[in-house]
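Engineer: the following block contains a protein sequence and its predicted model.
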Amino acid sequence: MRLLRFGQKNFRNLATPVFIPEGGLTTIVGGNAQGKTNLLEAIELVLGGELRNGTLERIAFGKSEASLYAEVETQFGRSRLEARLSQEGREHRLNEAPATLRELAQLPGAVRLGPDDLALVLGPPEERRRFLDVLLSRFSARYRAMLSQYNRALQQRNALLKASLRQAEKASRPVPSGMEIWNTELAKYGSEILSLRRRMLKRLTPLAREAYRELAPGELWLELSETAAPEHFLEALESSLPEDLQRGSTSVGPHRDDLRIFLSGREAARFASRGECRSIALALRLAEHRLLWAHYDEAPLLLVDEWHTELDAHRRAALLAYAESLPQAILAGLETPGVGRVVHIEAGVWR
């Protein structure tokens, strides 16, 4: 997919209304806090990407809303995408008609890499769960729907557990009425979520291993750490009920699982250097990009923030080689890679 034209109004710290990239490689160069990251975030968002932080944080100070648009070209022709951000959230339009994220997922969209991806390796389990959930949701509208249903059932089960916890005679309190219903609901959706995560990891792992080998020496391995197997999830919910009643929340299920990352047989979060962790995060995002490329039969737009940060010459060269092989990629950083088009940005104004 190629971005032909991007426009914005009142998006945080961006002043120029229109950005027109070229095919191939474009690099946004500027100092710290000049708007490079904001530009990449805005492009990712209007293409239907994940909103990694709050909506209001993306609106210029003193304004009530922001608007974005993008004109893109895919193998099926040209499309216009629009996004409106306000206190109520965000709204999308595709070719001037209201659109859901499910409908936007029909387009290849974008994959954004950046320093904050270190959280995929060094951050808490919810960062890795979100990575898997967002990726799976791009492949499967059913997965997105199941995840929503699962979270609703989880809220109901937790509400029953918390109500029981508040009762005066905790030692003798009975199992709350309705628990069997929510156990069944959780198992119904959770078992399929767990199964689909396993299938996704089988496809993602070899691509991540290949991407890491291109960046650095070492063998990367990904492994799901599950609190319950999909085929025994209902039994796990029932057996964990005494503990859950004590803690007031559900202790097993997809919402408690993790993605474990190993480098050359050792757990990366504990033993890998920061540079190695940065390379692992890059490998995960590049594997995501390759997986989506195969899914859509065309490459998503690649966005790379701080492309040179914490990377040695070999890793930089490998990343640039991949970016240059694509129909279009947009990098951002303090310096130019020496190839492709360069756009300078200062105080949200680019030239």
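Structural biologist: Arrived safely.

Engineer: and the strands in the stretch 251-351 of the chain?
Structural biologist: Here the stretch 251-351 of the chain has its strands, by DSSP state E, counting those that start in this stretch, at 258-263, 266-267, 301-305, 328-333, 341-346, 349-350.

Engineer: can you put the ones you listed in a markdown table and add distance to Tyr143?
Structural biologist: Using the backbone N, CA and C atoms, a C-beta is placed for each residue, glycine as well. Written out in a markdown table, the entries for these read as follows (distance: least, C-beta to C-beta, whole Å):
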| stretch | distance to Tyr143 |
| --- | --- |
| strand 258-263 | 16 |
| strand 266-267 | 28 |
| strand 301-305 | 23 |
| strand 328-333 | 28 |
| strand 341-346 | 37 |
| strand 349-350 | 37 |
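
Engineer: quick one, which of those strands gets closest to Arg197.
Structural biologist: Comparing the strands of the stretch 251-351 of the chain by their distance to Arg197 (C-beta to C-beta), the top pick is strand 258-263, with 8.6 Å.

Engineer: CA atoms only: put that closest one into PDB for me.
Structural biologist: Written as PDB, here are the backbone C-alpha positions of strand 258-263 (Å, rounded to 0.1, in the frame of the first residue of the first chain):
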ATOM      1  CA  ASP A 258       2.100 -13.900  28.600                       C
ATOM      2  CA  LEU A 259       4.300 -14.200  25.600                       C
ATOM      3  CA  ARG A 260       7.800 -15.400  26.700                       C
ATOM      4  CA  ILE A 261      10.800 -14.400  24.600                       C
ATOM      5  CA  PHE A 262      14.000 -16.200  24.600                       C
ATOM      6  CA  LEU A 263      17.400 -15.300  23.000                       C
END
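
Engineer: tally of neighbours for Leu14?
Structural biologist: 23 (other C-beta atoms under 10 Å).

Engineer: make sure it is actually in contact with Lys36.
Structural biologist: No - between Leu14 and Lys36 there is no contact, the gap being 10.2 Å when judged by C-beta atoms under 8 Å.

Engineer: what's the angle from the lengthiest helix in the chain to strand 258-263?
Structural biologist: When every helix of the chain is counted residue by residue (DSSP state H), the longest turns out to be helix 179-215. Put simply, helix 179-215 runs at 20 degrees to strand 258-263, going by axes from the mean of the first three to the mean of the last three C-alpha atoms, to 10 degrees.

Engineer: returning to that earlier point: now render the strands of the stretch 251-351 of the chain as a markdown table, adding mean pLDDT and distance to Ser273.
Structural biologist: A markdown table is the format used below for the strands of the stretch 251-351 of the chain (pLDDT from 0 to 100; distance: least, C-beta to C-beta, whole Å):
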| stretch | mean pLDDT | distance to Ser273 |
| --- | --- | --- |
| strand 258-263 | 98 | 10 |
| strand 266-267 | 97 | 11 |
| strand 301-305 | 97 | 21 |
| strand 328-333 | 97 | 21 |
| strand 341-346 | 96 | 31 |
| strand 349-350 | 94 | 35 |
